[in-house]
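Visitor: need a 3D model of the following:
(2 chains, ligands or ions: 3)
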Amino acid sequence: MIPGSFSYHRPTTVADAVKLLSTLGDDARALAGGHSLIPMMKLRLATPEHLVDLHGIDGLNAIRRDGNRIVIGAMTTQHQLLASDEIARSLPILHETALLIADPQVRYMGTIGGNVANGDPGNDMPALMMTLGASYQLEGPTGPREIAASEFYQGAYFTALEPGELLTSISIPVPAAGHGYAYEKLKRKVGDYATAAAAVILTMAGGKVASCAIGLTNLHETPLLATDAAQAVIGTSLDDATLKKAAAAAVAIMSPAADARGPVEYRKHVGGIMVTRALKRAAGRAG
Amino acid sequence: MAKTHVTMKVNGAEVEGLVEPRTLLVHFIRENLQLTGTHIGCETTHCGACTVDLNGMSVKSCTMFAVQAAGADILTIEGVANADGTLSALQEGFRMMHGLQCGFCTPGMIIRAQRLLQENPNPSEEEIRMGISGNICRCTGYQNIVRAIQYAAAKINGVEFQEAAE
Ligand SMILES: Cc1cc2nc3c(=O)[nH]c(=O)nc-3n(C[C@H](O)[C@H](O)[C@H](O)COP(=O)(O)OP(=O)(O)OC[C@H]3O[C@@H](n4cnc5c(N)ncnc54)[C@H](O)[C@@H]3O)c2cc1C
Ligand code: FES
Ligand code: FES
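Guide: Residues are numbered from 1 along each chain as shown, chains lettered A, B, ... in the order given. Ligands and ions are numbered 1, 2, ... in the order given. Predicted coordinates for the structure are as follows:
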């Protein structure tokens, strides 16, 4: 399994990478960790004639705090996320999710930017970014722009990225102190993509849910925000009847593809269970 | 496609070669450098038989291009023995604890375990199992591989290897 021929480019600035991508057009692809792109090239599901490797660009893998937001460079690897004290402290759900992606070797290579830009419904970061209310900084031939994660995903492998555009960083508002969080992922084995997964961020006040966001992975051709399900739990103490109602509201918006991970009905069923588990675990952690 | 000249350091020695951009690192290592201890098991980034250490990271060399590794510092199984030719702690552990049967997965296991022990010199059994979860062995069922890594950790830490109670 050897990919088709291509020319390799290694620009040293974002501006040069954007220039290459926009002049080379549809035949060019950005190369980040390569752990989605290279497997697809080996299978000839992707046949780019030019690869623009982003590893030569300095400063794309910094993690920094900017007021009440955490800004993560697109080339930050899952391994770097796991090693970061700032992430562990401010965004523990990101730490938890990164640890559930693939295996150690893949995590050394796979980047957060590649994960969110890839547009594969199976990627774990996109639904989490929507749940966290993150936004993406893009740099293109006409300059920079910012887009909310919740507006980025348009279909399987189809995103709001315009030709020649690069994702440079992700900006995430730090959740309220004492928030509860959980990423529940059902997979067949360590290192597998989700059969179904749910992200929950919530706050509690006086034993009742005060705010809540729920995201869903691999249960539709795009990541989803389960808004009705989140609404259903606000003001409740997450009693069994409420949990049932929330799971049902989440299942109602799921339309997963049937694949080796199971038929549609099964995936929706376990999707509901992931929502219930994530809600319970998040509530248990809320301070 | 025009070939590119690449240089890198492999097992402490400067090496060079001409590669097409699409040449995978594992093929460069096996075919250009004739270092055939790094194996190809699945080619789909799942089995870990092709794992090498690259700039302090365990990477699956079947999912990286040789051109990307230009200038890198790489360690393969051929470079892990002690300078005097004796077996490294991990090699000794795999031998003593019967951590291999066919041995096909072993180079990747050892390279991965070496990085794991550098990051976490005293891993729990759970941490070892998670740490090698990107490496598949079809022969030994992992129990003896875990013991081999525990043996090596004890040896590196200068403590006596204690079998965990069943
Ligand atoms: C065995 C295995 C198991 C895996 N399991 C999981 C899993 O459980 N969960 C999960 O989420 N992922 C999983 N992955 C995917 C892995 O996390 C990938 O690394 C990730 O999806 C893509 O990130 P990358 O940096 O490797 O991107 P690449 O493969 O380099 O790129 C992916 C796509 O995004 C584009 N791109 C990359 N960076 C940018 C950028 N900055 N701006 C614009 N476009 C960009 C590329 O052009 C390409 O189209 C797995 C991969 C493997 C091989
Ligand atoms: S051959 Fe590289 S992971 Fe299997
Ligand atoms: S010893 Fe044969 S595959 Fe591991």
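
Visitor: how many neighbours does residue B:7 have?
Guide: By other Cβ atoms under 10 Å in any protein chain shown, the residues close to residue B:7 number 12. Placement of C-beta: from N, CA and C, glycine included.

Visitor: who's in contact with the helix or strand where residue A:276 lies?
Guide: Following DSSP states H and E, one finds residue A:276 within helix A:264-285. For helix A:264-285, the external contacting residues (Cβ atoms under 8 Å, 6 or more residues apart in numbering or on different chains) are A:180-186, A:195-202, A:204, A:209, A:212, A:214, A:216, A:218-219, A:226, A:229, A:233, A:238, A:243, A:246-248, A:250-251, A:254-258, A:261-262.

Visitor: and the residue nearest to the spatial centre of chain B, how close does it get to residue B:76?
Guide: The residue lying closest to the centre of chain B (Cα atoms, centre = their mean) is residue B:111, at 2.1 Å. From residue B:111 across to residue B:76, the span is 7 Å (Cβ to Cβ, to the nearest Å).

Visitor: shared neighbours, these two?
Guide: With Cβ under 8 Å, 6+ apart as the test, residue B:111 and residue B:76 both reach B:52, B:53.

Visitor: got the phi/psi numbers for residue A:66?
Guide: Here the main-chain torsion angles of residue A:66 (degrees, to the nearest 10) amount to phi -130, psi 90.

Visitor: verify the stated contact: it with residue A:173.
Guide: No. Between residue A:66 and residue A:173 there is no contact under Cβ atoms under 8 Å: 10.4 Å.

Visitor: looking at these two, which has the bigger crowd around it?
Guide: Shown here are residue A:66 and residue A:173; by other Cβ under 10 Å, residue A:173 has more neighbours (14 against 8).

Visitor: got the contact list for that one?
Guide: Per Cβ under 8 Å, 6+ apart, neighbours of residue A:173: A:68, A:69, A:132, A:133, A:134.

Visitor: let's see it at 10 Å
Guide: Residues near residue A:173 by Cβ atoms under 10 Å, 6 or more residues apart in numbering or on different chains: A:67, A:68, A:69, A:70, A:91, A:132, A:133, A:134, A:135.

Visitor: what count of nearby residues applies to the fifth one?
Guide: Other residues near residue A:91 number 26, with proximity taken as other Cβ under 10 Å.

Visitor: quick check: the gap between it and residue A:189.
Guide: In terms of Cβ to Cβ, residue A:91 sits 26 Å off from residue A:189.

Visitor: low-scoring stretches of the stretch 101-250 of chain A, by residue?
Guide: Applying pLDDT under 70 to the stretch 101-250 of chain A flags no residue at all.

Visitor: over to chain B?
Guide: Applying pLDDT under 70 to chain B flags residues B:1, B:164-166.

Visitor: show me which residues of it sit near ligand 2.
Guide: Proximity of chain B to ligand 2 (Cβ under 6 Å from any ligand atom) is limited to residues B:40, B:41, B:42, B:43, B:45, B:46, B:47, B:48, B:49, B:50, B:60, B:62.

Visitor: again, only using 5 Å
Guide: B:40, B:41, B:42, B:45, B:47, B:50, B:60, B:62 (Cβ under 5 Å from any ligand atom).

Visitor: how about the closest residue to chain B within the stretch 1-150 of chain A, phi and psi?
Guide: Here the stretch 1-150 of chain A gets closest to chain B at one residue, residue A:103, 3.0 Å apart by Cβ to the nearest Cβ. Backbone torsions of residue A:103, given as degrees, to the nearest 10, read phi -140, psi 170.
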